[in-house]
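A.B. asks: here is my input, please return the structure:
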Amino acid sequence: MSKTGQARVLTPEQFVHLLSVVQDHRYAEKNTALIQISFKLGLRVQEIALLQIKDVAELLPEISGQRSFKLKEILALPASYTKGADALKRSRSTYHRRRISFSVHDFDQLVRRIETMAKAGAEIKPGDFYPEVKKHRGKSRDLPMNDGALRAAIEEYLSIRLAKNPSVKKSDPLFLTQKGGPYSPNTLQEHLSLMQRQWAGIERASSHSGRRTLMTNIIHGQKKSVKVAQKIAGHVSASTTLIYEEPPEESLKDALQQAGFHYLST
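C.D. replies: The predicted structure follows:
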């Protein structure tokens, strides 16, 4: 079942329009590469923000003050980049448990353990018996970069980037903000939404539209299995990918238009 307020799935016409509009603004090469990666590889905002140059290209030695590179065939996305992984190394608020659960077997063992400790007169603290919190460590995935427009966009952007600064390192962020620093996920989220909603005028489009559009096209347009979409998306559970099985907005629009009553004018 679909979620209320999901990011819009763009039509091919809207995608072409978005790419066209971007050319009228500053940093067109960078923004085109951002859009291509979002819509052609389906990366999450955090994953794009964490990309390093070495993830997409091999830097070649500097010759006479000039730097070149070789674009990779496959983007090997580390597990540390993915959703749930603490790749940003930022402090988080302390987690406070509100509920806990045990299997019947574990609960029986716990009761026996508490009985033994009580008979021995040991101090019993509830927190000592809580089960461990399961942490999601992310899921790595290999994404082929064989789309021509995607490769051309990254190559053009990197060529300009290296021409301006030949001393860049392979571990430098792939995308930089206007101020020259790395994007935070929140800043990149706002920027992708800005390009789609304000520049291109596409209602309800967001930073997640690229990912949703790709997954929807794989399942509905290409008729691929959910397993294929799940692997590309990096979902741990197929149930998450099943969200993208819902028909795209244009299919609903056509169905409603064709199902209505049509009266002949007299």
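A.B. asks: what about the helix or strand hosting residue 186, average pLDDT?
C.D. replies: Using DSSP states H and E, residue 186 sits within helix 185-193. Mean pLDDT, taken over the full extent of helix 185-193, equals 96.
A.B. asks: got the buried residues for that helix?
C.D. replies: The neighbour-count check on helix 185-193 (16 or more other C-beta atoms under 10 Å) flags 185, 188-189, 191-193 as buried. Bear in mind the C-beta positions are built from the backbone N, C-alpha and C, glycine included.
A.B. asks: by contact count, what packs against it?
C.D. replies: helix 28-41, helix 45-50 (3 or more C-beta pairs under 8 Å, 6 or more residues apart in numbering; DSSP states H and E).
A.B. asks: ok, now with 10 Å
C.D. replies: With contacts defined as 3 or more C-beta pairs under 10 Å, 6 or more residues apart in numbering; DSSP states H and E, helix 185-193 has these neighbours: helix 28-41, helix 45-50, helix 209-216.
A.B. asks: can you map out the helices along the stretch 51-200 of the chain?
C.D. replies: Taking DSSP state H, counting those that start in this stretch, the helices of the stretch 51-200 of the chain run over residues 53-56, 104-119, 148-164, 185-193.
A.B. asks: could you list the domains of the protein?
C.D. replies: Domain segmentation of the chain under automatic domain parsing yields 12-85+139-258, 99-135.
A.B. asks: quick one: the ones you listed as a markdown table, columns for distance to residue 6 too.
C.D. replies: As requested, the domains of the chain are arranged in a markdown table below (distance: least, C-beta to C-beta, whole Å):
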| stretch | distance to residue 6 |
| --- | --- |
| domain 12-85+139-258 | 7 |
| domain 99-135 | 27 |
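A.B. asks: out of those, name the one with the poorest average pLDDT.
C.D. replies: domain 99-135 (a mean of 79).
A.B. asks: wait, doesn't residue 244 sit right on residue 228?
C.D. replies: No - between residue 244 and residue 228 there is no contact under C-beta atoms under 10 Å: 11.4 Å.
A.B. asks: okay, and the common contacts of the two?
C.D. replies: Contact with both residue 244 and residue 228 is made by residues 218-219, according to C-beta atoms under 10 Å, 6 or more residues apart in numbering.
A.B. asks: who's more crowded, those two?
C.D. replies: residue 244 (26 against 13; other C-beta atoms under 10 Å).
A.B. asks: my read is that one is in a strand, agree?
C.D. replies: No - for residue 244, which was evaluated using DSSP: H, G, I helix; E, B strand; the rest coil, the result is helix, with no strand membership.
A.B. asks: please produce CSV containing the helices and strands packed on helix 185-193, extended by mean neighbour count.
C.D. replies: Converted to CSV, the helices and strands packed on helix 185-193 look like this (neighbours: other C-beta atoms under 10 Å):
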stretch, mean neighbour count
helix 28-41, 22
helix 45-50, 24
helix 209-216, 24
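A.B. asks: ok, which of these comes nearest residue 155?
C.D. replies: Each of the helices and strands packed on helix 185-193 has some distance to residue 155 by C-beta to C-beta; the shortest is helix 28-41, at 8.9 Å.
A.B. asks: could you tell me how far that closest one lies from the centre of the chain?
C.D. replies: For helix 28-41, the gap between its own C-alpha mean and the chain's C-alpha mean amounts to 13 Å (C-alpha atoms, centre = their mean, to the nearest Å).
A.B. asks: angle of it against helix 148-164?
C.D. replies: Orientation note: helix 28-41 sits at an angle of 140 degrees relative to helix 148-164 (axes from the mean of the first three to the mean of the last three C-alpha atoms, to 10 degrees).
A.B. asks: quick one: list the elements packing against helix 28-41.
C.D. replies: Counting by 3+ C-beta pairs under 10 Å, 6+ apart, helix 28-41 packs on helix 12-22, helix 45-50, helix 53-56, strand 74-77, strand 141-144, helix 148-164, helix 185-193, helix 209-216.
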